[in-house]
Structure formats: C-alpha cells, structure tokens
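**Student:** sequence and predicted structure below; questions after.
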Amino acid sequence: MQRFNFPVVQPDPALEELRSELQAFLKEERDAGNFRPEPECWMASSDTEFSKKMGKRGWIGLTWSSKYGGHDKTALERYIVTEETLRAGAPVGAHWIADRQHAPMLIEHGTEEQKLDILPRIAAGECYFAIGLSEPGAGSDLANVKTKAEKVEGGWKVNGQKIWSSGAHISHYMVAILRTSPADGRNRHVGLSQIMIDLSLPGVTIKPITDLSGDAHFNEVYFEDVIVPDDCLLGEEGGGWKQVTGELAMERSGPERFLSSYITLETALHQLQGKLGSDSQARLGKLIANLRTLRGMSWGIANLLHQGVSPETEAALVKDLGNRLENDLTLQVRALLNDLPEEEWSDEMRRILNIGILRSPPNTLRGGTTEVMRGITARQLGLR
Amino acid sequence: MINSEGMVAETAAKIYTDLCGREVPHEAEAGQYPQALWDALAENGLPLAWVSEDNGGFGADYDEVFGAIWVSAEAASPVPFAETLIANWLLDRAGVAIPDGASTFALLDGNAASVPFAGTADHVAVYDAGKNAIALYKTADGSAADGQALSPDSDTRLDFSTATPVASAATNLSRRAVEALILTVRAVQMASAIEAALNLSIAYVSDREQFGRPLSKFQAIQHQLAVAASESAAATMAATQAASALARNADDPEKAWHEAVVAKVQIGHSVEAVTVPFHQVHGAMGYTQEYDLHHYTRRLWAWRDTLGNEHRWSKLLGAELAVTSPDQIWKGVTTGAWIAS
C-alpha cells in the first residue's frame, strides 16, 4: 500500500493556451518597463496599477462566479496564472492574498451583500486584504492570540494588536482571528473567531515595519475600540481555530511555496546558456530534477483539491521541501554564476540575486514555520 | 501511474504476502533461496507480464506491472522479479526467444557490464548500444572479479569477451529507450524501499523507549522522520511521474527518458537524506544483520548506482539543459515536455 499518493495530471490544452497568454502579457509589461522582476514577488512586490491590469485581463477571481465579478473557472486556471506570474517575478503582492484566501472565505461565510460588494472589486484588482493571524505573543503559538472582540449592540468592539501583516498598509480589509470568548480552561482553541475588519474604520492604526533590506511591506496593526458590524464575523462564532487551520492546510502546497525564487534561476539561465562547465551542469541537472518533482507534487495536490480531496500530509510535505528548495535555488545560482566572469554579470542579475538573498529568511517562516510543518507531519505519521 | 489494483499487481501482492514474509530475505541471505516464491511468480506468468502475447506473454500495461514491482521491493524481494521483467522486455522487443527461469539485464560498456543479481539469475540480456543489439548469455559464462557486494542483488562486473551468447539479435531500441525503462523500474523499487524503511522506522521509534518514554516522543526524532517522509513522498512522485511517462509513450519509450532521468536524479540524491535518519533513529540495532532495516538500505545503496550514480545522471541531464533555452526548461518543469516540439 502506498502511503503517499500524487496523481500525475497531464497538461490540458486549454490551460496551456492560458499560459501562453500570460507569458505574452508578462513579457510585454516587462519589456515596456512596467515592472522590474523580483524574487518573493507575491509577498514583497506590490503594484496596484499592475493588479488592476491583471484584473482587467480576467486573471484575478478566476475561481468564483461571474455573479460576483469572477470568471467561472477553476483553481487549476488560477494555478497556471500564479505560477507564470511567479516565474516572471511580477508585482502581484497587492491582490495575491485576497484572491487566494479571502475571496473563497467570503464565498463560504460572507453575506450576499458582502459578496456583491467586495468580490467584484477583488476580481478587478482594486480591493486588497491582509492576514491578521500573528500577534507579538502569538507566532508559532497561534492559539495564544490576545486581541479581543467583545459583543456590543449591533456588532463587535475590537481591541489589541496584530503583527507581520503583509500589505496591510495598502489593504482595505483584514481578516483577523480574535478571541470572542474566554478559553475553556486549558483548551485555548475554543472562543476564537474570524472577523473581517474594514481597515478604514476609526481606531485602526497601521505602522509599517521595515525589513532588513529596507523595504516596508509588512506592518503592525493596532485596534482601539474599533466597532465592527455583526455580519463581519465570518463563519461560526468560536469556530475560528478550525477555520484557520483548515485554510492554512489548503494553501501549503501552492506554487508560491517552491517557485518564489525561480526568477533568480531564470535570469541566470539567460546569461549562462551554453556557458556552464561540467560541475555546474551537474548542479543544474539536480536542481531542475528537484523542481520538476516538486511541481509534480504541487500540481497533483492542486488537482486533488479541485476534486474536493484535501491531502493534508502531502501538502505539509510540499511546503517543507519547497521552502528548502527555494533557498537552495538561490545558493545554487551563486555557484553557477562562477562560470561567467564577474564583469559579464548583468546589473539585473546582481540586483535580483541580492534581493533573493535578502528575502530568503521568511521562506521557511511564513504560513507555518518549518518546525511547525515537521510537527504536523510527525502527528500525521503517528509519532505524536 | 503505479497501479496497485490491476490483475498483475494484485496477483503479485498475494504471492509476496504468502511467500515472502519478513523472515524470507533473512533466510535467502543465509543460503536458503526462496524457490517457492520464484515458482509461484513463474507459474502465474508474472515475469512475462511485459512480453507480447505473440511471444508467450500477456502484454500487460506498464501501470499494473509497476504496481507489482512496488510490492516486490516492499518485500525486499530476494528473487530477481523486476530484473527478469526488464530482461524479458528487452528480449521480446529484439525478437529473441524468452528463456525459462530468472534473468537479469545489463548495458555493455567495453567488454564488461554491471549485472545485478548475477549470482542468482540464469541468464542475462545484454544491450549493446554501439551495435544496436541484444545478446542473451548464461550468467555463469561471464567471468566475475572478487569484491565486496553492497547488497545481495547488487551489481557484479561480468566480462563477456570470451563468452558465446545463447542468442542475439539486432534491435531498433535506442539506448535512451532502454535507459528509460531500467531507470523507471529502479525508481519504483527505490521509492517503495524508502517507504518501507520509513514505516519500519516509525514502528521502531514508537516501540523503543529511552529516558522513560518512546523515542517517537522526542522532537529531534520526530523532525528527522518528518524530513525523511518528505523525501519519501518526493521519491514516490518522481517514480510515479516516470512510470506515467513510460505508459503514455509505450510505442516510443525514448520519449519517457527525461522523466526517467528526473526520477533517477531526484531519488538517487535522496538516498542519503533518508538512509542517514533511518539508521540514526534505529541506533545500533539498525546496524545488525538480525534486524530488517538493511534489507532496504543496502538495496538503496546498490540501486542508486544502476547505470551509473546520481552524479553522473545529474551531469547528463544538466549538460542537455545547459544548452536549452530558459523557456524550454520552464516548459519541461511545468509540463514535462522537455524537447521543443
């Protein structure tokens, strides 16, 4: 009996046509100087004008109904769009999280009014969401969140602080996990709820955090007596923990878990074609074999999710392997580049490589640290 | 795919369950060859699964035969089942009559070849890429050098320069087609062995206590096995992908070469990443002959050398990619179409 199962799904001609359209658009935009490629673009490169262009082309909101501004396609079309934009290092950070995570959440838990109001704006690339999970005292120990929502007439009063919220400074909403009732003794998983907060409400303060490279794409978000209407509680009151862990499990195997640094390799390959020595050829062969294998795993899981199957163990394994590969890729490129005299390195190559190195630490942190992933895997293996 | 539900795979599973319990590989190494296991496989015609119906086989699909190969590796098969399947595949395609009994395979380089199961198989089908020919020898006719074997079925260098083949024929099989088949079979065996050794490790650490609790409760142990599990899953993916490529290109196996090489490189490099933690969590017990772990780890150490080691194949793949356009490489990574069409 095989323990791990990954369907091998052949390329679909319709999807490959979509891929070609994306490639043509991305090349045009890049050649026109409308964006400069960067590694980790889905987290750290945002350009609202670019997001609106993606929206106009119909490449955001692929997975939901046209009734809500979507395009009645599937997560497989979305997969092709995301992997092509990652390969290009395009500035997709503004809309990424809303498109991936919060729109599906609204479709499942939102009111009809919210869906009609918000989803078309997300699909147009005009409305952005931030994640509100971590707090100063709640990182890997997420159940330790202290930010509170108290029941008041007609809604909830929110007090506390979230941290590491990527893109909150340009986002319209945050979906936060908040304590809506006390923990039940030692069981801290009860009494947590997911609440959508309009970031323009009085009492919300957003302070940027500068990362080690000098970029400011993540934030602290403070809430002081922020009054949120009742219908912004998404899902079940007290059911937030289950909802959040379910969502996290769904998003662990996407292309952003192993292709974030591919642009670094892509850029190097343009310079190195036909110039690699014997050792470097072996290095490249191994790297591409690893990438092909991970892409097979990720694509296989995407197809299972599409069929309604959620292979939680396999998804956690993809994230662990993929995050390691992303960082390894950058290091391998450094080695490959030795085959080119340094004066021949393009400025673009140096820029992208340096950004890749500086942006490598969060690869193995966000969306659940490597240590948390291994804990999850150990539980699935029956070890804990 | 690696299909465990076909008739071939299910028959193999039943035979291995009945006749290859955990004691059998131990007994085989002590000199007690499990003839009953081989006889059961042969009586059911399984070694002929890939042989065409015209040649006395049943021309089974790749998928379900890979399911059978998975099962045989899970049982640390002491009989050359996968090797006979490969030999008979080669002979059938060259139009050479299939000999009775167990066979093995080799690719000739110079006058000699590396032959797995040389001490067990009666015959060896030798592919000579230079002459585009397949020759069938009695393994006993090749002269072997003395040495230390990595595993009971590991390669022996046999010299055929003074041997006369039992039969030979020209073939239109390309070297890449032959490599695609051999590497894919090995990939399936290796993915299966890695998973079997993972299962053994999980069971061992759950049972063995130190400091008053099972080893499985120590985070250091959990994380080592979690990493090994990720490598195991990747190996299964790579093997499945290669198996599917072969099934899709049954008429032209050469087209499955790249996916087979990807599997060879992926799994070959992961052998160290799994055998180290597997042995580490077993402590000294895993180093004994008495315990079962070595049935898998020694085979993995031997199998990663099939047709040359993972470094050689990384280089072969990389040499081609080094002169391939970045667009075509991306196409290979995302769709498995490695050659411009």
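**Tutor:** Ah, there it is.
**Student:** what residue spans form the domains of chain B?
**Tutor:** Taking automatic domain parsing as the domain assignment, the ranges for chain B are B:1-79, B:101-173, B:175-327.
**Student:** spatially nearest residue to residue A:349 (excluding sequence neighbours)?
**Tutor:** Nearest residue to residue A:349, sequence neighbours excluded (C-beta to C-beta, 6 or more residues apart in numbering or on different chains): residue A:267, at 5.4 Å. For every residue, glycine as well, the C-beta is placed using N, CA and C.
**Student:** CA atoms of stretch B:186-195 as CSV?
**Tutor:** The C-alpha atoms that make up stretch B:186-195 are tabulated as CSV, following Å, rounded to 0.1, in the frame of the first residue of the first chain:
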residue,chain,number,x,y,z
ARG,B,186,14.6,1.2,-10.4
ALA,B,187,12.9,4.4,-9.4
VAL,B,188,9.7,2.5,-8.5
GLN,B,189,11.7,-0.1,-6.5
MET,B,190,13.6,2.7,-4.7
ALA,B,191,10.5,4.7,-3.8
SER,B,192,8.9,1.6,-2.5
ALA,B,193,12.0,0.6,-0.4
ILE,B,194,12.3,4.1,1.0
GLU,B,195,8.7,4.0,2.1
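**Student:** give me the neighbour count for the residue nearest to residue A:349.
**Tutor:** The criterion is other C-beta atoms under 10 Å in any protein chain shown. On that basis, residue A:267 has 23 neighbouring residues.
**Student:** what residues sit buried inside the helix or strand harbouring it?
**Tutor:** In this structure, residue A:267 sits in helix A:262-272 according to DSSP states H and E. Neighbour-count burial for helix A:262-272, counted by 16 or more other C-beta atoms under 10 Å in any protein chain shown, picks out A:262-269, A:271-272.
**Student:** next: stretch B:48-68.
**Tutor:** In stretch B:48-68, residues buried by neighbour count (16+ other C-beta under 10 Å) are B:48-51, B:55, B:57, B:60-68.
**Student:** state the pair within those residues that is farthest apart.
**Tutor:** Considering C-beta to C-beta, no two members of the buried residues of stretch B:48-68 lie farther apart than B:55 and B:67, which are separated by 22.3 Å.
**Student:** below-threshold pLDDT in the chain: ranges please.
**Tutor:** All of this refers to chain A. Scanning chain A for pLDDT under 70 picks out the ranges A:1.
**Student:** look at chain B instead
**Tutor:** Per-residue confidence of chain B (counting by pLDDT under 70) places the weak regions at B:341.
**Student:** in chain B, what residue is nearest chain A?
**Tutor:** For chain B, the residue closest to chain A is residue B:318, as judged by C-beta to the nearest C-beta, at 3.0 Å.
**Student:** quickly list the domain ranges of chain A.
**Tutor:** Domains of chain A are assigned by automatic domain parsing as A:13-127, A:131-239, A:252-380.
**Student:** for residue A:215, grab the count of nearby residues.
**Tutor:** Burial of residue A:215, expressed as a neighbour count using other C-beta under 10 Å, amounts to 16.
**Student:** quick one: it is in a strand?
**Tutor:** No: counting by DSSP: H, G, I helix; E, B strand; the rest coil, one finds residue A:215 to be coil, located in no strand.
**Student:** check whether it really touches residue A:46, as I assumed.
**Tutor:** No: taking contact to mean C-beta atoms under 8 Å, the distance of 10.4 Å between residue A:215 and residue A:46 leaves them out of contact.
**Student:** before we move on, which element is the spatially most central residue of chain B in?
**Tutor:** Nearest to the centroid of the C-alpha atoms of chain B, with distances taken as C-alpha atoms, centre = their mean, sits residue B:186, at 2.4 Å. Element membership for residue B:186 (DSSP H and E) is helix B:175-207.
**Student:** how far does the helix or strand that comes right after that helix sit from its chain's centre?
**Tutor:** Downstream of helix B:175-207, the next assigned helix or strand under DSSP H and E is strand B:209-210. Here the centre of strand B:209-210 is set off from its chain's centre by 36 Å, with C-alpha atoms, centre = their mean, to the nearest Å.
**Student:** say whether chain A is contacted by strand B:209-210.
**Tutor:** No: using C-beta under 8 Å from any C-beta of the partner chain, strand B:209-210 stays clear of chain A, coming no nearer than 14.0 Å.
**Student:** adjacent strands (with direction) for that strand?
**Tutor:** Under the criterion DSSP bridges, strand B:209-210 sits next to strand B:213-214 (antiparallel) in its sheet.
**Student:** quick one: contacts of the partner strand?
**Tutor:** Residues outside strand B:213-214 that contact it (C-beta atoms under 8 Å, 6 or more residues apart in numbering or on different chains): B:205-208.
**Student:** for chain A, what spans make up the strands?
**Tutor:** Ranges of strands within chain A are A:129-132, A:148-152, A:155-163, A:173-179, A:192-198, A:204-209, A:218-229, A:233-234, based on DSSP state E.
**Student:** need those strands in JSON lines (columns: distance to residue A:249 and mean neighbour count).
**Tutor:** What follows is those, written out as JSON lines (distance: least, C-beta to C-beta, whole Å; neighbours: other C-beta atoms under 10 Å in any protein chain shown):
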{"stretch": "strand A:129-132", "distance to residue A:249": "15", "mean neighbour count": "27"}
{"stretch": "strand A:148-152", "distance to residue A:249": "24", "mean neighbour count": "16"}
{"stretch": "strand A:155-163", "distance to residue A:249": "21", "mean neighbour count": "20"}
{"stretch": "strand A:173-179", "distance to residue A:249": "15", "mean neighbour count": "25"}
{"stretch": "strand A:192-198", "distance to residue A:249": "15", "mean neighbour count": "22"}
{"stretch": "strand A:204-209", "distance to residue A:249": "27", "mean neighbour count": "15"}
{"stretch": "strand A:218-229", "distance to residue A:249": "23", "mean neighbour count": "19"}
{"stretch": "strand A:233-234", "distance to residue A:249": "17", "mean neighbour count": "22"}
